[in-house]
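Novice: return a 3D structure for these sequence lines:
(2 chains)
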Amino acid sequence: MKTVVYTSDKKTHFFQELKAIYKDIRSSNFLAYQMAKRDLQSQYRQSFLGFFWAFAPIVTNSLVWIFLNSSGTVNVNADSTMPYILFVIIGTTLWSIFNETLLIPLTSVNSARSILSKINFPKEALLISGLYKMSFNLILKLVFIIIILVIYRVNPGFEILYFPLALFSIIIFSLTLGLLFTPIGLIYTDINKIITTGVSFLMYVTPVVYAVPKQGLFRKLFELNPLTFLFNDARNSLIGLANEHFLFAVILTGVSFLVMLIGLVVFRKSMPIIIEKIGG
Amino acid sequence: MKNDNDILVSVQNVSKKFSLDLKSSLKYGALDIIKSTFGIKINKELRPKEFWAVQNISFQLKRGECIGLIGHNGAGKSTLLKVLNGLYTPDKGQIVMKGKVGALIELGAGFNPILTGRENIYNNASILGFTKKDVAEKIDSIIEFSEIEKFIDMPVQNYSSGMKVRLGFAIAAHLEPDVLIIDEVLAVGDLGFILKCFSKIDNLLPNTAVIFVSHNMPMVSRICNEVILMDHGKVTYQGKDVGKGIDLYYDMFKTNEENEIVFDSGEIKLINSKILNAENKDNSYEIEWNSDFKIELEIENVSLEKAPYISFAVYDKEQRGIAEIFPENQDLNDNLKPGEKKNFTFEIKNFIFSKGLYSITATFSKTPKSDIFYKEHRIVNLSIYNTEQIWTPILINSKLLTQ
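Specialist: Numbers count the residues shown, from 1 in each chain, chains lettered A, B, ... in the order given. Have a look, this model is predicted:
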């Protein structure tokens, strides 16, 4: 029979926790799937335009920059190898994926506040359910990109094989980043505000709507930002240009993965403390 | 396979502390997270602005046993349940839980109002720990148990609160847990549903260890075989004598022993009331179980012409009316003069109420059933002694005749 021990000074080492996390993620897969399904179903059932809202932010943000650029209000330094519209749309789509993934841990735990203090279920399921929801939106966004590529008659060729890796790097990097600030972010709402503000600034030092500047202080800032390389490579792979930072992406993915494991353990250990403080 | 002597729940010296205000609570929370991240030992003693919400609780529970947690609001019962359920980590002590744990702390958790009842069965069941296969197997039985087949494909937001609770309990009841934790969830719902819940709990009980929190003492005494009475996080009584625990619980509340006039037409007044052959101690008369006593009322007539009909009612500590007394031989044609004072003495026989405190209400009316002139609660308080402590208000006199 399954035996659980709750004690004040639980002495488990890192790998025991990891094993427990793995077990909980596996056993709670149905729960995660069900929560994602519940949220998506209710979201779309209450909406008339449905899937449109998955693209709406991307479309509007792209339109703003296309307008600024074509009207000459802002002289955007973009890659000359592709149409600016393509550049912006791919950039904003990738950015929306990054942004959504970053907030998965915080938003999915926050939205479950009401049940956290009432039912004991594997909290990892919240993260996984967030990932399911993100994946659902991701598919819609990728379809959108494919449509745009078809419209512009872009044939990426074999280079597109690199795209999944770049995309995966972006996702795991942002998920890890999000996971790290989640425990404290659940306690103090300041963290959430700092992230939202910081992210909108970060967008301007990432090649989302314009390319990396040729020189100067801003070029330095871009180069300090690991997203710069991932975004450039992901975009390039879609339009058939060679990737330049393959090794970097692999290393970043590996490092992110290891940090994510630490983040998961911290998350697991701090959940009981958090539930006590925030659960209603 | 299921050994009857399995100790399913073992709680040893469990304590849990809380902060008095949110600010320090959040600060300690953030500090504890940082400390546990870096493996620094967390101080388990009280820090400023903290108090023990649950202190030093121990008990063991086997399959088929039910322990009741009772106490006034804020005594720490729900906190203890949350510690037992693993939602909060204990600050001191240890809890060992064996088998599948089902907690009815809130019914219908995770329901989404937009989705239908059927879809929400999947949501709630998955949170409670059902596998996909479990739900597929049990969904028909869940719907049948909830008795809302007709509305099962309607959005849950249009359900009444009773319907939501029905659906929530129907799902939880299919969990088949080894340890069942119930926290005051059965209060909603109509009588038919409550009866159904109890028959379900009765079915589960032989194979389950139940931890039951309720303010409803008849329910506690019906299903529990041990009680813990808590006060300010500490145990004040713990034992198998459920009746005693419940009695001590009642004693914690200072009942209003003052008399109270609830209806007065101004035509007649009750000046004094007393019990003749009993001793008055601490504002209540001590009366032996199954004995007779005499009650004397002194009235002052204001404007009545004829004597009123006088009747009594007996109330228990929870202010439930449990008996009525309609004395015979009253002469309603007896003339009264304005301002006249008069004594009435009644004999009450075989007062078979069980040990505890009771109060008597007097009513003056024109006829036994109608036209009330005057009604006063708690004209006298009675304390019954010389019997066993039981939870029901009446202990009937009986004996064996043949064997």
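Novice: for residue 260, report the pLDDT, please.
Specialist: This is for chain A. Model confidence at A:Met260, expressed as pLDDT, equals 96.
Novice: that's the wrong chain, I meant chain B
Specialist: For B:Glu260, pLDDT reads 84.
Novice: helices along chain B, start to end?
Specialist: Secondary structure of chain B by DSSP state H: the helices cover B:22-37, B:77-84, B:117-128, B:132-146, B:161-173, B:191-204, B:217-223, B:242-252.
Novice: and the first one, what's buried?
Specialist: Put plainly, it is helix B:22-37. Neighbour-count burial for helix B:22-37 flags B:Ser25, B:Leu26, B:Lys27, B:Tyr28, B:Gly29, B:Ala30, B:Asp32, B:Ile33, B:Ser36, B:Thr37 (criterion: 16 or more other CB atoms under 10 Å in any protein chain shown). The way it works is simple: take the backbone N, C-alpha and C, and place the C-beta from them, glycine included.
Novice: so A:Glu100 touches A:Asn137, yeah?
Specialist: Yes - with contact defined as CB atoms under 8 Å, A:Glu100 and A:Asn137 form a contacting pair (6.5 Å).
Novice: before we move on, the earlier item: reformat the buried residues of helix B:22-37 as TSV; add pLDDT and distance to chain A.
Specialist: Formatted as TSV, the entries for those read as follows, by pLDDT from 0 to 100; distance: CB to the nearest CB, whole Å:
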residue	pLDDT	distance to chain A
B:Ser25	87	6
B:Leu26	88	5
B:Lys27	89	9
B:Tyr28	88	8
B:Gly29	87	4
B:Ala30	88	5
B:Asp32	86	5
B:Ile33	86	4
B:Ser36	82	5
B:Thr37	81	5
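Novice: of all these, which comes closest to B:Val262?
Specialist: Of all the buried residues of helix B:22-37, B:Val262 sits closest to B:Ser25, with 44.8 Å by CB to CB.
Novice: and the residue lying closest to B:Glu298 once chain neighbours are set aside, how many neighbours?
Specialist: On the basis of CB to CB, 6 or more residues apart in numbering or on different chains, the spatially nearest residue to B:Glu298 that is not a chain neighbour turns out to be B:Asn272, at 4.2 Å. Using other CB atoms under 10 Å in any protein chain shown, B:Asn272 is surrounded by 12 other residues.
Novice: can you tell me how far B:Asn272 sits from B:Lys341?
Specialist: Between B:Asn272 and B:Lys341 the distance, using CB to CB, to the nearest Å, works out to 10 Å.
Novice: now list whatever residues contact both of these two.
Specialist: Counting by CB atoms under 8 Å, 6 or more residues apart in numbering or on different chains, the common neighbours of B:Asn272 and B:Lys341 are B:Glu298.
Novice: I'd assumed B:Ile33 was in contact with A:Pro183.
Specialist: Yes - assessed by CB under 8 Å, A:Pro183 is found in contact with B:Ile33 at 4.8 Å.
Novice: contacting residues for A:Leu31?
Specialist: With contacts defined as CB under 8 Å, 6+ apart, the neighbours of A:Leu31 are A:Phe121, A:Pro122, A:Ala125, A:Ser129, B:Ser126, B:Ile127, B:Gly129.
Novice: now the two most distant members of the buried residues of helix B:22-37.
Specialist: When the buried residues of helix B:22-37 are compared pair by pair using CB to CB, the farthest-apart members prove to be B:Ser25 and B:Thr37, with a separation of 18.7 Å.
Novice: helix, strand, or coil at the residue nearest to A:Asn137 when sequence neighbours are not counted?
Specialist: Here the nearest residue to A:Asn137 in space, its sequence neighbours aside, is A:Ala54; by CB to CB, 6+ apart that works out to 5.4 Å. Using DSSP: H, G, I helix; E, B strand; the rest coil as the criterion, the local structure at A:Ala54 reads helix.
Novice: let me see the contact set for A:Ala54.
Specialist: Contacts here follow CB under 8 Å, 6+ apart; on that basis A:Ala54 touches A:Asn137, A:Leu140, A:Lys141, A:Phe144.
Novice: among the residues you listed, which one sits closest to B:Asn329?
Specialist: B:Asn329 lies nearest to A:Asn137 out of these, by CB to CB, at 85.2 Å.
Novice: measure the closest one to chain B for me?
Specialist: Distance of A:Asn137 to chain B, given as CB to the nearest CB, to the nearest Å: 18 Å.
Novice: so how many other residues sit close to that residue?
Specialist: For A:Asn137, the neighbour count with other CB under 10 Å is 19.
Novice: read off the pLDDT value for it.
Specialist: Per-residue confidence (pLDDT) for A:Asn137: 92.
Novice: would you say it is within a helix?
Specialist: Yes - under the criterion used here (three-state DSSP), A:Asn137 sits inside a helix.
Novice: so how far is A:Leu40 from it?
Specialist: Here the distance between A:Asn137 and A:Leu40 works out to 9 Å (CB to CB).
Novice: what does whatever helix or strand A:Asn192 lives in rub up against?
Specialist: Applying DSSP states H and E as the criterion places A:Asn192 in helix A:189-202. Residues from elsewhere that reach helix A:189-202, judged by CB under 8 Å, 6+ apart: A:Asn99, A:Leu102, A:Leu103, A:Leu106, A:Phe181, A:Ile184, A:Gly185, A:Asn225, A:Leu227.
Novice: and which of these is nearest chain B?
Specialist: Among the contacts of helix A:189-202, A:Ile184 lies closest to chain B (CB to the nearest CB), at 5.7 Å.
Novice: on that earlier part again, pick the one among the buried residues of helix B:22-37 closest to B:Asp241.
Specialist: Set against B:Asp241, the nearest of these by CB to CB is B:Ser25 (38.0 Å).
Novice: what's near enough to touch that closest one?
Specialist: Contacts here follow CB under 8 Å, 6+ apart; on that basis B:Ser25 touches A:Lys277, B:Phe18, B:Ser19.
Novice: correct me, but the second one touches B:Phe51?
Specialist: What that stands for is B:Phe18. Yes - the pair B:Phe18 / B:Phe51 is scored as a contact, 6.4 Å apart, by CB under 8 Å.
Novice: of the two, who's got more company?
Specialist: With other CB under 10 Å as the criterion, B:Phe18 and B:Phe51 differ in neighbour count, and B:Phe18 comes out ahead with 19 against 12.
Novice: report the secondary structure state of A:Arg38.
Specialist: Per three-state DSSP, the secondary structure class of A:Arg38 is helix.
Novice: so what pLDDT did it get?
Specialist: Here the pLDDT value assigned to A:Arg38 is 91.
Novice: now swap in A:Ala166 and tell me
Specialist: For A:Ala166, the pLDDT comes out at 92.
Novice: ok, the one 10 residues further on next?
Specialist: In this prediction, A:Thr176 carries a pLDDT score of 96.
Novice: run a quick neighbour tally on it.
Specialist: Around A:Thr176 sit 24 other residues, with neighbours defined as other CB under 10 Å.
Novice: and the helix or strand where it lies, how far out from the chain middle?
Specialist: Counting by DSSP H and E, the secondary-structure element that holds A:Thr176 is helix A:163-187. Averaged C-alpha coordinates place helix A:163-187 at 6 Å from its chain's average position (CA atoms, centre = their mean, to the nearest Å).
Novice: and stretch B:122-136, C-alpha only, in CSV?
Specialist: Listed next in CSV are the C-alpha coordinates belonging to stretch B:122-136 (Å, rounded to 0.1, in the frame of the first residue of the first chain):
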residue,chain,number,x,y,z
TYR,B,122,-13.8,14.6,-15.8
ASN,B,123,-12.3,17.8,-14.4
ASN,B,124,-13.1,17.2,-10.8
ALA,B,125,-12.4,13.5,-10.9
SER,B,126,-9.0,14.1,-12.4
ILE,B,127,-8.1,16.5,-9.7
LEU,B,128,-9.2,14.0,-7.0
GLY,B,129,-6.8,11.5,-8.5
PHE,B,130,-9.0,9.3,-10.8
THR,B,131,-7.3,7.9,-13.8
LYS,B,132,-8.9,8.1,-17.2
LYS,B,133,-9.9,4.5,-17.0
ASP,B,134,-11.6,5.1,-13.5
VAL,B,135,-13.7,7.9,-14.9
ALA,B,136,-14.7,6.0,-18.0
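Novice: is chain A contacted by it?
Specialist: Yes - among the residues of stretch B:122-136, B:Tyr122, B:Asn123, B:Ser126, B:Ile127, B:Leu128, B:Gly129, B:Phe130, B:Thr131, B:Lys132 lie within reach of chain A under CB under 8 Å from any CB of the partner chain.
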